[in-house]
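> Generate coordinates for the sequence data below:
(chains A, B and C, ligands or ions: 2)
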Amino acid sequence: MKWSYSLRELRRRPLRSGLTLTGITIGVAAMLSIAITIETTRRAYGDMYTTLAGRAALEVVAIGDGGFDAALVDQLSGTDGVAVAAPVVQMPAVMIGPKGRLVVMVIGIDPERDTAVRDLKLRAGKALAPGGAVVLLDAAFAAANGIGVGDDAPVITRTGGVRLTVCGLMEPGPISAFNAGAVVVMPLSTAKKRFGLGDQINSVQLVLEDDDRANAIRQAVQTSLPDGLSVRPPAARADLVRDTLLSTEQALQSFSIMSLVAGAFIILNTFLMNLAERRRQLALIRALGGTGKQVQWWLLREALLLGLTGTAIGIPLGWLMSFGMLGSMQTLMGVKLSAPVPGVMPFVAAAILGPVMALAATWVPARRAGREPPLNGLTAAAGTDAIESVRRWPLVVGVICITLMAGICVILVGEHLPQRSNEKILPAGMALLMIGGILVMPYLLMPVLRMVVWGLGPFMGFEGRMAARHLDRRRVRTALTAGVLFVAIVISIGFGNQIRSNLRDMDTWYERTFVGD
Amino acid sequence: MTTTGTRTTAIALHGVHKVFGESSTRVEALAGIDLDVGAGEFVAIMGPSGSGKSTLLHLIGGLDVATSGTVAVGGEDLASLNDDQLTMLRRRKIGFVFQAYNLVSVLTAIENVALPLIIDGIAESRANERAGRALDLVGLGSRPDHRPGEMSGGEQQRIAIARSLVAEPVLLLADEPTGNLDSVTGDQTMRLLRRLVDEEGQTVIMVTHDARDAAMADRIVRLRDGRIVEEQTLPPVKSGADVLASLEGLDAPEDAP
Amino acid sequence: MSVRHAILGLLAEGPLHGYELRSAYENELVPQSRLNAGQVYATLDRLLRDGLVHHEVVAQNDRPDKKVFALTAQGRDELGRWLGHASKVDLDLRNETFLKLMVARRLPEGDWRGVIALERRGAFERLHQATQARARADRDATPLSITLLLDLAVLKLEGLLEWLDRCEEALGKETP
Ligand SMILES: Nc1ncnc2c1ncn2[C@@H]1O[C@H](COP(=O)(O)OP(=O)(O)O)[C@@H](O)[C@H]1O
Ligand SMILES: [Mg+2]
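Residues are numbered from 1 along each chain as shown, chains lettered A, B, ... in the order given. Ligands and ions are numbered 1, 2, ... in the order given. Model (predicted):
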């Protein structure tokens, strides 16, 4: 059989094929753009921490990026192979400048030890003195906000507010590159005292005597660390800040999986519609000596054509969409993000996923169509399809999916797993829930439909009753359509909520700091 | 192949039963059919609606299997074939013509005719060449690129006949081939079938409830309630003038004085 | 069918003598029919008597004189009247098959099914001949007069066969 025959079948129903194509395209584009966005964002954070770490090859941080006791610094300094151990504290803050409130990151460093870690070149003013109530600002950032050397710099954090003086302006460098220059650098002791941090620090950066021995030293340090602390290369710290990223990433990943599932269901839906209309044609192929396998392959080829075309459109579209998405991420996270990073994996995954999704969605019905005895289709009156029988396996599979999801919820709530595995499990769980929901839907939908028909019966008129009967006759498709609608609604509500709650988090934080002032 | 007299047997049915459903919905569509059809014979199957005509045709064509009894096509017992082998039988040995033409609407005339060969994996150029010849045989060689939607019912049925012939089957099975046609195109279709038998030696088994169509065959088999109730072999045809001479009523009547 | 009017019709094309009339009837007007000479002359005599035709004698050298017949004005009128009126439809309702069936159904041992089967066989045999003769007629450029008669034969036989089916159904209900 020729491929052009399949193409002609698809062109015979341009609207339907177009809809299917759109489903696949959106699925692939969403998946790709989200993968790129997540990868780019992570890399941006990684770069940020690497720059911040300067010459430090390792750093010690708390799992979850919380604070820990500064007493550890001395112990680390004494470790074999460690040249310098420099403590750092950091926290988000608001600075009141002449032009209004600025969201900044406060970074407390030990001015003496720190020179071993990074070089802070000054454009104006002088360097930090230990214990002084002074700060360094990024020169460009200060200029943009009308702040100069000697100006007052009121800084408010969650734990308190202080009035400090700008003692110097930095050339672009390791620290100023962090957070797009919105940083306030101050002596560690000042930060601890003025913000009431006690003896807590966020990280200790380790400059080694020999970077080639980093692995060995890392192991040695790790064994000496108390529980809850970890030593790792600075870029890996990006993983830890992900509590800020996590909810957004999860929302995006769930969205990505749901668009794929929705795309698959759209394909399945139109495919079932086609099958019902083409029973006679398929039976004819069998009568003319076509094998069941040939019929199955013929049908799958149409799905594959749509899958390939949808992927071909979806990949460039996803690439374009990633620009917009990164823009939103930048606003949302308050970080400076580079242009999208075109990693190979997301593209490979998207290129495989489109066709695979199309094939996976149509495999079972195509195989069933191939196995149907030719007589059924030939003797059926043209265009009529038998009432679809509702089988038991979708109910079973659906219930299993939902149960699995419930199990995942219990595990997540019980916090039995390290937090970082959440983000992998949650989107998968969402997909499970959705597939389960759609599979179970026919069993819930039909009684509901009947009740609606029963209740509205007198008001529906003939057309209404005919429509209801029609829906009832094509149960699987009705359920699928309802399922796709359901998924679309869940996606919009869920996604919208995630972003809103992220924004609200920031708002409450603003408010609290403001009130604290 | 078995031989009876000088003629080889195209199909042989013995004690064929076909039962649909169980207990309360049980229908015995065929209740013991014995039938032999020789190669090059043209047999018409008649009978009231529901008498089992189509069922019989489906069993002969390997579209369904008998509940009991033997159905042999070209000496091969269909009961001994698995599903794939039945498919191969349909592909190489049987040609089907349906009442509803059953052409593929997105394919042109020649592509429809070539379809059985394409399914058989024959190269497109070779398939088209053979399909072209089959189209010539049904008198539509000049319209290979028309789609079914652009052709009349009679033309579509001729395309369907060309398709049934293209693989040079042992047996051509037609289920009410004129059922959707008007009487003129119906006659043309029947004459085409007759010509295939006379000139190409094609074996044809046709189901019909139209007496005029049945009369074109060499033999009429009448079914009722799944049984053969009557068989009639029709004598060879004389010339047109002889026929007229044998039809009385043409002599001049006596005028009233 | 009326030989009388057929002769008027043939003479309307031009004068003919008796033998020519007969062969024109048998070969052109009603193919494959037989018209005996006596019938031709008896009819011509009646037409002469009624003043619808007239004749003149043409002398021949080596043979007896021959009579050539021609249409009179009155004859032309009569032909027009015949063509302008509907024929009495020949339904052949009370045919022999009908009679056999009526008899068979009344007799206790009457095998009406056998009667129908036999009649049907006969009709099918002739339909078989007629349909194929008709098919050949189209191929062999047969005169129109023949193809039209074959069409009539085919359609009548078809009607007869359908009627036999109805008889079978109706009688089957009467004596199950
Ligand atoms: N797939 C089937 N399932 C159940 N009954 C059937 C099926 N196919 C045919 N029958 C029954 O078998 C009988 C013969 O049918 P069929 O061969 O189609 O008759 P015909 O072609 O002479 O009209 C009918 O009573 C019909 O209802
Ligand atoms: Mg039938």
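
> what sits against residue C:113?
Residue C:113 makes contact with C:168, C:171, according to CB atoms under 8 Å, 6 or more residues apart in numbering or on different chains. (C-beta placed from N, C-alpha, C; glycine too.)

> Would you mind putting the CA coordinates of stretch A:199-214 into CSV?
What follows is stretch A:199-214, C-alpha atoms only, in CSV (Å, rounded to 0.1, in the frame of the first residue of the first chain):
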residue,chain,number,x,y,z
ASP,A,199,25.6,32.1,64.5
GLN,A,200,23.8,30.8,61.4
ILE,A,201,25.4,30.8,58.0
ASN,A,202,24.1,29.5,54.6
SER,A,203,27.3,28.1,53.1
VAL,A,204,31.0,27.7,53.5
GLN,A,205,33.0,28.0,50.4
LEU,A,206,36.2,25.9,50.3
VAL,A,207,39.2,26.9,48.3
LEU,A,208,41.5,23.9,47.9
GLU,A,209,45.2,23.5,47.8
ASP,A,210,44.9,21.3,44.8
ASP,A,211,41.7,21.3,42.8
ASP,A,212,42.6,17.9,41.2
ARG,A,213,42.1,16.3,44.6
ALA,A,214,38.6,17.8,44.9
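
> Only the buried residues of that stretch, if you could.
Buried residues in stretch A:199-214, counting neighbours by 16 or more other CB atoms under 10 Å in any protein chain shown, are found at A:201-208, A:214.

> Same list, these, but as TSV with distance to residue A:467, pLDDT and secondary structure please.
Converted to TSV, those look like this (distance: CB to CB, whole Å; pLDDT from 0 to 100; DSSP: H, G, I helix; E, B strand; the rest coil):
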residue	distance to residue A:467	pLDDT	secondary structure
A:201	68	85	strand
A:202	63	82	coil
A:203	65	84	strand
A:204	70	87	strand
A:205	69	85	strand
A:206	71	86	strand
A:207	75	86	strand
A:208	74	84	strand
A:214	70	81	helix
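
> what about whatever residue of the stretch 351-500 of chain A ends up closest to chain C, distance to ligand 1?
In the stretch 351-500 of chain A, the residue that lies nearest chain C is residue A:379 (25.0 Å; CB to the nearest CB). The gap separating residue A:379 from ligand 1 is 6 Å, by CB to the nearest ligand atom, to the nearest Å.

> Near the residue lying closest to that residue once chain neighbours are set aside, how many other residues are there?
Nearest residue to residue A:379, sequence neighbours excluded (CB to CB, 6 or more residues apart in numbering or on different chains): residue B:54, at 7.7 Å. By the criterion of other CB atoms under 10 Å in any protein chain shown, residue B:54 has 21 neighbours.

> what residues does the stretch 51-200 of chain B put near chain C?
Within the stretch 51-200 of chain B, the positions near chain C by CB under 8 Å from any CB of the partner chain are B:187, B:190-191, B:194.

> Please identify which of those is nearest to residue A:185.
Residue A:185 has its nearest neighbour among those in residue B:190, at 100.1 Å by CB to CB.

> so which helix or strand takes in the closest one?
For residue B:190, the host element (DSSP states H and E) is helix B:183-200.

> What residues of that helix count as buried?
B:185-197.

> and if you look at stretch C:102-119?
C:104-105, C:110, C:112, C:115-117, C:119.

> and the residue of the stretch 51-200 of chain A nearest chain B?
For the stretch 51-200 of chain A, CB to the nearest CB, closest residue to chain B: residue A:180, 58.0 Å.

> still on that earlier bit, pLDDT value on the residue nearest to residue A:379, please?
At residue B:54 the predicted local confidence, pLDDT, stands at 95.

> Return the list of helices and strands in contact with the helix or strand hosting it.
Following DSSP H and E, one finds residue B:54 within helix B:53-60. Applying 3 or more CB pairs under 8 Å, 6 or more residues apart in numbering or on different chains; DSSP states H and E, we find helix B:53-60 packed against strand B:7-20, strand B:27-38, strand B:42-46, strand B:68-73, strand B:171-175, strand B:203-207.

> What are the contacting residues of it?
By CB under 8 Å, 6+ apart, helix B:53-60 touches A:375, A:379, B:11, B:13, B:16, B:18, B:29-30, B:33, B:45-47, B:64-66, B:71, B:73, B:78, B:94, B:171, B:173, B:175, B:205, B:207, B:223, B:226.

> Alpha carbons of that helix, as PDB, please.
This file holds the C-alpha atoms of helix B:53-60, laid out as PDB (Å, rounded to 0.1, in the frame of the first residue of the first chain):
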ATOM      1  CA  LYS B  53     -27.900 -16.800  -0.400                       C
ATOM      2  CA  SER B  54     -25.400 -14.400   1.000                       C
ATOM      3  CA  THR B  55     -24.300 -16.800   3.700                       C
ATOM      4  CA  LEU B  56     -23.600 -19.400   1.100                       C
ATOM      5  CA  LEU B  57     -21.600 -17.000  -1.000                       C
ATOM      6  CA  HIS B  58     -19.600 -15.900   2.000                       C
ATOM      7  CA  LEU B  59     -18.700 -19.500   2.800                       C
ATOM      8  CA  ILE B  60     -17.600 -20.200  -0.700                       C
END
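
> any bit of that helix sitting next to ligand 1?
Yes. Counting by CB under 6 Å from any ligand atom, ligand 1 has neighbours in helix B:53-60: B:53-55.

> Among those, which one lies nearest to residue A:315?
Looking across these and measuring by CB to CB, the closest to residue A:315 is residue B:54, at 51.7 Å.
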